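*Asks:* sequence first, predicted model second:
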Amino acid sequence: MAKKALIVEDDGNIAELLRLYLEKDGFEVAHAVDGGEGVAMAASFAPDVILLDIMLPVMDGWQVCREVRRKSSVPIIMLTAKSETFDKVSGLEMGADDYIVKPFEVKELLARVHAVMRRSAGETPPKAHRLDFDKLTINMDSYELIVDGKKIDTPPKEMELLFHLASSPNRVYTRNQLLDEVWGFDYFGDSRTVDVHIKRLREKLEGVSDKWSLKTVWGVGYKFELLE
């Protein structure tokens, strides 16, 4: 069965170029011209990957990403005409898997499409599916984060990053190690991706317990530290 790609892009020329190359690569392709249609088609078309423009009518790409993430972990690649860090970080914070700046080489974009799909297909939790600490449960069977007795909505990649760190308490991981081991060796992003996800996790976990901490090891990376 052909893999399915959803293009959410209001520029007809870009959308047509993407459609041609994706179909040539064996994808079944659907196209939405605005954010509202994109959210609806993400549900009805059930794509294996979404190529999502940021500057869209009706609903911008960030809003679309947020809405899709409420119900699905489908890989999302943000397409942006802006190269500022703010735009990249915003997309990652809202659950995007990757971003690419226009103008882009189609071959590079296709490589990124296949990379995020491989990571998505290969994401299986380690044998220990659940970790329990003081006021913290990380359950990878249900992808649930329980903090001080409350379920906290957490994107899949944040869950996987926290689980990876907490599976080896007190071990320090460099950013590149985390990119390789959580995102996959073929990830095209940079170490800023790790920093963004750590920041979001800290917002959820800060001050919850005095028995563990998500700690920065300056000049090296990060660790899940047991304090007792």
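*Replies:* Perfect, thanks for sending it.
*Asks:* so after whatever helix or strand residue 194 lives in, what's the next helix or strand?
*Replies:* For residue 194, the element it lies in under DSSP states H and E is helix 192-205. Tracing the chain C-terminally past helix 192-205 and defining elements by DSSP H and E, one meets strand 212-217 next.
*Asks:* contacting residues around the helix or strand that that following strand is followed by?
*Replies:* Where DSSP H and E defines the elements, the next helix or strand beyond strand 212-217 is strand 221-226. If you take CB atoms under 8 Å, 6 or more residues apart in numbering as the criterion, strand 221-226 is touched by 133, 162, 165-166, 168-175, 177-178, 194, 198, 211-217. In this view, the C-beta of every residue, glycine as well, is placed from N, C-alpha and C.
*Asks:* specify the angle between the helix holding residue 194 and strand 212-217 in degrees.
*Replies:* Going by axes from the mean of the first three to the mean of the last three CA atoms, to 10 degrees, helix 192-205 is angled at 150 degrees with respect to strand 212-217.
*Asks:* would you mark the buried spots in helix 192-205?
*Replies:* Of the residues in helix 192-205, those buried under the neighbour-count criterion (16 or more other CB atoms under 10 Å) are 193, 194, 196, 197, 198, 200, 201, 204, 205.
*Asks:* how about stretch 170-183?
*Replies:* The neighbour-count criterion (16+ other CB under 10 Å) identifies 172, 173, 175, 178, 179, 182, 183 as the buried residues of stretch 170-183.
*Asks:* the residues you listed in strands, which ones?
*Replies:* With DSSP state E as the criterion, strands contain residue 173 from among these.
*Asks:* and which of the buried residues of stretch 170-183 is nearest residue 107?
*Replies:* residue 183 (20.7 Å; CB to CB).
*Asks:* coming back round to it: residue 13: which of the buried residues of stretch 170-183 is nearest?
*Replies:* Among the buried residues of stretch 170-183, and counting by CB to CB, the member closest to residue 13 is residue 183, at 31.3 Å.
*Asks:* you'd agree that closest one is up against residue 193?
*Replies:* Yes. Applying CB atoms under 8 Å as the test, residue 183 and residue 193 come out as touching, 7.0 Å apart.
*Asks:* got a list of contacts for stretch 10-27?
*Replies:* When contacts are taken as CB under 8 Å, 6+ apart, the neighbours of stretch 10-27 outside the stretch itself are 2-5, 7, 9, 29, 31, 33-34, 51, 53, 55-57, 79, 102, 106, 109-110, 113.
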